[in-house]
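S.K.: Sequence and predicted structure, then a few things I'm wondering about:
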Amino acid sequence: MSKNNDIIWKDRKRTIFGLPLSFTVYTLTSKKLLIDTGFLSKRQEEIMLFRIMDVTLERKLSQRIFGVGTIHCCSADKTTPEFDIKNVKNSQEVKDLLSTEVFRERKENRVGSREIQYDEDDFH
């Protein structure tokens with residue numbers, strides 16, 4: 001079983017021309033996603049993987065040109081209900097990796113998601 005601090009993936013947010021010239025660093029471990037921002041004043045967001053409920057990849061034309069993409073995540077975390085992993089290389093592979101790790105962690109922690117389906121007749 002993986003340890004809490006095993007780094008699975010790490011990258012920087014990319015800026016113009018797809019170069020990693022920013023002070024935002026993303027780190028994916030087997031248990032959580034860390035988002036470190038700032039240079040002089042630093043901040044670290046920590047999102048437990050089992051709390052992530054939805055992962056979406058967005059690649060605008062300019063992002064495709066420079067080989068990057070943005071992964072939008074919705075979570076059950078109260079302080080960070082939605083967040084973006086912005087302008088990362090190999091974004092499709094990173095999204096797939098994140099989805100796999102989220103699924104594994106939710107299964108390991110026996111976290112289910114409740115999706116409520118309504119019938120039109122329920123509202124009449």
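M.R.: All right, it came through fine.
S.K.: Please count neighbours and contacts with C-alpha atoms only from this point.
M.R.: OK.
S.K.: Any stretches of the protein with poor pLDDT?
M.R.: 1-5, 113-124 (pLDDT under 70).
S.K.: which helix of it spans the most residues?
M.R.: The longest helix of the chain (DSSP state H) is helix 91-108.
S.K.: Endpoints of stretch 52-65, how far apart?
M.R.: 29 Å (C-alpha to C-alpha, to the nearest Å).
S.K.: in the chain, which spans are strands?
M.R.: Counting by DSSP state E, the chain has strands at residues 7-12, 25-29, 32-37, 43-48, 52-58, 68-75, 82-89.
S.K.: Distance to residue 107 for the ones you listed - can I get that in CSV?
M.R.: Formatted as CSV, the strands of the chain follow (distance: least, C-alpha to C-alpha, whole Å):
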stretch, distance to residue 107
strand 7-12, 18
strand 25-29, 16
strand 32-37, 14
strand 43-48, 13
strand 52-58, 12
strand 68-75, 16
strand 82-89, 21
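S.K.: Adding mean neighbour count and distance to residue 101 as columns, could you present these in JSON lines?
M.R.: Converted to JSON lines, these look like this (neighbours: other C-alpha atoms under 10 Å; distance: least, C-alpha to C-alpha, whole Å):
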{"stretch": "strand 7-12", "mean neighbour count": "16", "distance to residue 101": "9"}
{"stretch": "strand 25-29", "mean neighbour count": "19", "distance to residue 101": "9"}
{"stretch": "strand 32-37", "mean neighbour count": "20", "distance to residue 101": "9"}
{"stretch": "strand 43-48", "mean neighbour count": "16", "distance to residue 101": "11"}
{"stretch": "strand 52-58", "mean neighbour count": "17", "distance to residue 101": "10"}
{"stretch": "strand 68-75", "mean neighbour count": "20", "distance to residue 101": "13"}
{"stretch": "strand 82-89", "mean neighbour count": "20", "distance to residue 101": "15"}
